[in-house]
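**Q** For reference, the sequence and a predicted model appear below.
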Amino acid sequence: MFTVLQIHKFYCIEIFISQSAQHYSIHHLCSTVCLKVIDKFSAAAKKAGAKKSNAIEKVIQKECKKFKDSKETRMCYYIGGTDDAATRMLQSVSKPMSHHLPSSKICQKLKKKDSAICELRYEKPIDLEGKDIGKMRVKQLKKILSTWGEKCNGCTEKRDFVKLVEKLKPKYAPSKEDRDEL
């Protein structure tokens with residue numbers, strides 16, 4: 001039995017080979033953000049026991065409220081899963097999910113409706129291993145805290161941000177030695 005991710009890889013490779021004359025790459029055909037978000041929706045719908053399109057739409061809206069990553073919330077905005085969304089394409093996600101279509105097919109259909117969905121890419125994670133946090137810019141420190149889902153309340157100077165990142169570093173970005181002990 002193949003997993004959804006394996007099926008997706010086979011599908012992407014097949015498309016890449018068939019369209020190689022047109023100089024397409026897998027990244028132009030498949031968005032990792034779209035695939036992961038649809039997989040999260042599928043898992044949540046399965047856990048909630050939602051099988052019909054309307055029930056799946058409600059699950060999608062609940063899941064969208066839980067997302068902290070900016071790319072995942074942007075994906076929710078594009079499909080209409082957030083309250084401030086300008087469009088409503090939830091049926092384009094929920095209906096294929098109710099028919100058990102793989103996430104790669106759903107993303108391909110979404111690309112036809114809004115190509116911006118397939119342009120979403122996760123940002124590279126910041127590797128704190130061996131970096132001097134004191135030499136980082138405040139903007140970078142704020143970004144690290146936001147990816148961890150933390151805020152620095154009452155921080156007015158750079159040293160406040162540095163102290164908080166140093167304090168939270170073992171929790172969110174354990175060093176190599178700490179990971180080996182686990």
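**A** Received the coordinates, thanks. Numbering: from 1, shown residues only.
**Q** Helices of this structure, start to end?
**A** 4-18, 26-29, 32-48, 53-66, 70-79, 90-98, 103-113, 138-147, 158-172, 176-181 (DSSP state H).
**Q** pretty sure Lys109 is in contact with Pro96, am I right?
**A** Yes. Applying Cβ atoms under 8 Å as the test, Lys109 and Pro96 come out as touching, 6.6 Å apart. Placement of C-beta: from N, CA and C, glycine included.
**Q** So those two - more neighbours on which side?
**A** Pro96 (20 against 15; other Cβ atoms under 10 Å).
**Q** Contacts only, for the more buried one.
**A** Lys105, Ile106, Lys109 (Cβ atoms under 8 Å, 6 or more residues apart in numbering).
**Q** what does Ile106 give?
**A** So Ile106 contacts Cys34, Ile38, Ser92, Val93, Pro96, Met97 (Cβ under 8 Å, 6+ apart).
**Q** Top of these by number of neighbours, please.
**A** Using other Cβ under 10 Å as the neighbour criterion, Val93 leads the contacts of Ile106 with 28 neighbours.
**Q** so what's that residue scoring on pLDDT?
**A** Per-residue pLDDT puts Val93 at 92.
**Q** ok, for it, nearest residue in space, not its chain neighbours?
**A** Leaving aside its chain neighbours, Val93 sits nearest to Ile79 (5.6 Å; criterion: Cβ to Cβ, 6 or more residues apart in numbering).
**Q** now that neighbour: how far from Ser103?
**A** Distance from Ile79 to Ser103, counting by Cβ to Cβ, to the nearest Å: 13 Å.
**Q** Common neighbours of the two, please.
**A** Counting by Cβ under 8 Å, 6+ apart, Ile79 and Ser103 have no shared contacts at all.
**Q** now the helices of the chain in a markdown table, with distance to Leu128?
**A** Listed next are those as a markdown table, based on distance: least, Cβ to Cβ, whole Å:
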| stretch | distance to Leu128 |
| --- | --- |
| helix 4-18 | 28 |
| helix 26-29 | 27 |
| helix 32-48 | 23 |
| helix 53-66 | 25 |
| helix 70-79 | 19 |
| helix 90-98 | 35 |
| helix 103-113 | 31 |
| helix 138-147 | 7 |
| helix 158-172 | 6 |
| helix 176-181 | 11 |
